[in-house]
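Enquirer: quick one: sequence and predicted model below, then my questions.
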Amino acid sequence: MKTATSMNISLPKTFLLALLLLLAPTAKAAETPSATVERLNAALLETMRQAEELGFEGRYAKLEPVLTEVFDFPAMARITLGNQWSGISDAQQSAFTQAFADYSVGVFAHRFDGFGGERFEVLGEQEARRGAVLVRNRIVKSDGEAVEINYLTQPRDDGTWRIVDTILGGTASELAARRGEYSSILRKLGIDALIRTLKDKTAGFAAE
């Protein structure tokens, strides 16, 4: 009886090629800016439909993992503090980033607290500076009234896109508004006070 090592097996090249293709890892399709926003929209809509039964804490828990993946909270935290970022310690940077992310999730859980037949629509993409892409998006109420909630996205090395700013009403940058508010607190009271302020605001959502 011949062993497997002693047998001279000749396989067609086409068979070998097909086998290699089957065994090769499947490459993940590159995510688009619009796909990132659509993923966020789907999570918001699902949460809105269950808003009352979930309550704030339930909405927060449901949204937190999705928002952490579609938003680049570390980059947003750095942008918000601007030049003042380099003036705080590594521990303070970490604490601020976490407080910033927690508060950001809290804002969404607080705002999207009910469902009245709304739907989301992604209208297209627009190139922005430094390789960023603005995704034009809106929420349409049951009566047809539409409110723009656009998102500025940036690419990552792994081919995915992350949101770095929310543009309400088509013109109002939420990141710019926070930067003005935070720089005032930081200048007057310091980074630790700013971190406490964000934590208190997040806790305030739950209390409401």
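Expert: On my side now, so go ahead.
Enquirer: now do the same contact list for Lys201.
Expert: 103, 106 (C-beta atoms under 8 Å, 6 or more residues apart in numbering). Where you see a C-beta, it was placed from the backbone N, CA and C, and this is true even at glycine.
Enquirer: ok, it to Glu127 distance?
Expert: 34 Å (C-beta to C-beta, to the nearest Å).
Enquirer: buried ones in whichever helix or strand Ser94 is part of?
Expert: For Ser94, the host element (DSSP states H and E) is helix 90-111. Within helix 90-111, the residues that qualify as buried are 92-93, 95-110, counting by 16 or more other C-beta atoms under 10 Å.
Enquirer: could you do stretch 112-120 as well?
Expert: Buried, per 16+ other C-beta under 10 Å, within stretch 112-120: 112-113, 118, 120.
Enquirer: for this structure, give me the ranges with low pLDDT.
Expert: Filtered on pLDDT under 70, the chain yields the residue ranges 1-30.
Enquirer: can I get the CA coordinates of stretch 129-144 in PDB?
Expert: This file holds the C-alpha atoms of stretch 129-144, laid out as PDB (Å, rounded to 0.1, in the frame of the first residue of the first chain):
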ATOM      1  CA  ARG A 129     -10.600  69.600   2.700                       C
ATOM      2  CA  ARG A 130      -7.700  67.300   3.400                       C
ATOM      3  CA  GLY A 131      -9.300  64.200   2.100                       C
ATOM      4  CA  ALA A 132     -12.400  64.500   4.300                       C
ATOM      5  CA  VAL A 133     -15.900  63.800   2.900                       C
ATOM      6  CA  LEU A 134     -19.100  65.500   4.000                       C
ATOM      7  CA  VAL A 135     -22.100  63.100   3.900                       C
ATOM      8  CA  ARG A 136     -25.300  65.000   3.300                       C
ATOM      9  CA  ASN A 137     -28.000  63.500   5.500                       C
ATOM     10  CA  ARG A 138     -31.400  64.400   6.900                       C
ATOM     11  CA  ILE A 139     -34.100  63.200   9.100                       C
ATOM     12  CA  VAL A 140     -37.600  63.500   7.700                       C
ATOM     13  CA  LYS A 141     -40.600  63.800  10.000                       C
ATOM     14  CA  SER A 142     -43.900  62.100   9.400                       C
ATOM     15  CA  ASP A 143     -45.400  65.400   8.100                       C
ATOM     16  CA  GLY A 144     -42.600  65.700   5.500                       C
END
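Enquirer: pull out the buried positions in that stretch.
Expert: Quick answer for stretch 129-144 (16+ other C-beta under 10 Å): 132-137, 139.
Enquirer: need the helices for this protein, in chain order.
Expert: 13-23, 33-49, 51-70, 73-81, 90-111, 174-189, 191-207 (DSSP state H).
Enquirer: follow-up on the earlier one: how much does the helix holding Ser94 deviate in direction from helix 51-70?
Expert: 140 degrees (axes from the mean of the first three to the mean of the last three C-alpha atoms, to 10 degrees).
Enquirer: so Val147 makes contact with Ile139?
Expert: Yes - with contact defined as C-beta atoms under 8 Å, Val147 counts as touching Ile139 (5.3 Å).
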